[in-house]
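Undergrad: Turn this into a model:
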Amino acid sequence: MNIGEAATQSAVSAKMIRHYESLGLLPKVPRTEAGYRVYDEASVHTLRFIRRARDLGFGIKEIDTLLGLWRNRRRASADVKRIAGAHAADLQRRIDEMQAMKRTLEHLAHCCQGDHRPDCPILDDLAGGRS
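TA: Now for the predicted structure:
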């Protein structure tokens, strides 16, 4: 199948397919004499794997490692679990940081009169650089 068909079947854009190929996440695919890429079901399956991993927030390096483990039938599931657990912990850390930012902004917005006066605790906080 051509890149457009692979994109449709995998829900990954043609641009991203070329990008993943350039990064080595997707092995180089054969080309026709005219230079068009030719994808098979295995390529589409790999693209779906990458898409799902991206949807879960894994980074390119993590996806590369996960792809290697996925392809290795002698892998230890403990290695996969370790990567997933570390990623989940990182997501939780980011969620906690974002919740703290949200609380701060809500507090600042509550303190702001939001009227015609120039006094603004939001701008004062930004100018003061407090965290």
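
Undergrad: Give me the mean pLDDT for the helix ranked longest in the chain.
TA: Across the chain, the longest stretch assigned as helix under DSSP state H is helix 77-111. Averaged over helix 77-111, pLDDT sits at 97.

Undergrad: Counting neighbours, which bits of that helix end up buried?
TA: Neighbour-count burial for helix 77-111, counted by 16 or more other Cβ atoms under 10 Å, picks out I83, H87, L108. To be clear about C-beta, it is placed using only N, CA and C from the backbone, and glycine gets the same treatment.

Undergrad: In a markdown table: those, plus distance to R37.
TA: Formatted as a markdown table, these follow (distance: Cβ to Cβ, whole Å):
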| residue | distance to R37 |
| --- | --- |
| I83 | 30 |
| H87 | 31 |
| L108 | 52 |
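
Undergrad: which of those residues lies closest to P121?
TA: Nearest to P121, judged by Cβ to Cβ, of those is L108 at 5.6 Å.

Undergrad: Over to T46. Which of the three states is it?
TA: Applying DSSP: H, G, I helix; E, B strand; the rest coil to T46 yields a three-state assignment of helix.

Undergrad: With F58 instead?
TA: What three-state DSSP gives for F58 is coil.

Undergrad: which ones are touching it?
TA: Taking Cβ atoms under 8 Å, 6 or more residues apart in numbering as the criterion, F58 is in contact with L66, H87.

Undergrad: Next: R117.
TA: Residues near R117 by Cβ under 8 Å, 6+ apart: none.

Undergrad: Just the mean pLDDT for stretch 117-126, thanks.
TA: What stretch 117-126 shows for mean pLDDT is 92.

Undergrad: Please shift the residue numbers so they start at 59 in all later answers.
TA: Understood, numbering begins at 59; the last thing we discussed is stretch 175-184.

Undergrad: Mind listing what's buried along it?
TA: Buried residues in stretch 175-184, counted by 16+ other Cβ under 10 Å: C178, D183.

Undergrad: So which other helices or strands are in contact with whichever helix or strand G126 is part of?
TA: Using DSSP states H and E, G126 falls within helix 118-129. Packing contacts for helix 118-129, counted by 3 or more Cβ pairs under 8 Å, 6 or more residues apart in numbering; DSSP states H and E, involve helix 99-113, helix 135-169.
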